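Visitor: Quick check, what structure comes out for this input:
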Amino acid sequence: MNTNRDTDRDNKYLRAKERMENIKKFYTSLFFYVVFIIFLAGLNYYTNELRYPWFLWAALGWGIGIVFQAAKAFKWNSFLGKDWEERKMKQFMEEDEKNSKDLWK
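Guide: You can find the predicted model right below:
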């Protein structure tokens, strides 16, 4: 009798665990990003005293990836997020059902 409640609780636990894993991965990536960019900045300073700050290209490219990872971890991607996917899937299924009914008329 409690199967639905147990299943619902298990699903909530799995979703929470997945979200926690994504946040943990984000913070790990952010840590390595900061450490590596500081290293590259130091290397850039050592080689040409920042006359041409080439390390910023690496910071920008990797930083864009970090922003996307943060968006996923903290659910900032509302436009193309899970809710959007579910709405579109429902819309496509309804359109497909309507089209199949129209074919048999």
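Visitor: ok, then the element right after the longest helix along the chain?
Guide: Counting residues, the longest helix found in the chain (DSSP state H) is helix 3-48. Note on helix 3-48: by DSSP states H and E, the next helix or strand toward the C-terminus is helix 55-73.
Visitor: Could you pull out the buried residues of that following helix?
Guide: 55, 59, 62, 66, 69, 70, 72, 73 (16 or more other CB atoms under 10 Å). For glycine as for every other residue, the C-beta is placed from the backbone atoms N, C-alpha and C.
Visitor: so which of these comes closest to residue 19?
Guide: Residue 19 lies nearest to residue 73 out of these, by CB to CB, at 7.5 Å.
Visitor: Does that closest one touch residue 18 like I think?
Guide: No: if you go by CB atoms under 8 Å, residue 73 and residue 18 don't touch, sitting 10.3 Å apart.
Visitor: quick one: low-confidence parts of this protein?
Guide: For the chain, residues meeting the criterion pLDDT under 70 lie at 1-2, 77-82, 103-105.
Visitor: In contact with the residue nearest the centre of it, which residues are there?
Guide: With the centre of the chain defined as its mean C-alpha position, the nearest residue by CA atoms, centre = their mean is residue 72, 2.4 Å away. Listed by CB atoms under 8 Å, 6 or more residues apart in numbering, the contact partners of residue 72 are 22, 26.
Visitor: try residue 41
Guide: 50, 53, 55 are the contacts of residue 41 under CB under 8 Å, 6+ apart.
Visitor: Name the nearest residue to the first one, ignoring sequence neighbours.
Guide: Which is residue 50. Leaving out its chain neighbours, the residue that sits closest to residue 50 by CB to CB, 6 or more residues apart in numbering is residue 44, at 5.9 Å.
Visitor: Domain-wise, how is the chain divided?
Guide: Following automatic domain parsing, the chain resolves into domains at 3-74, 78-105.
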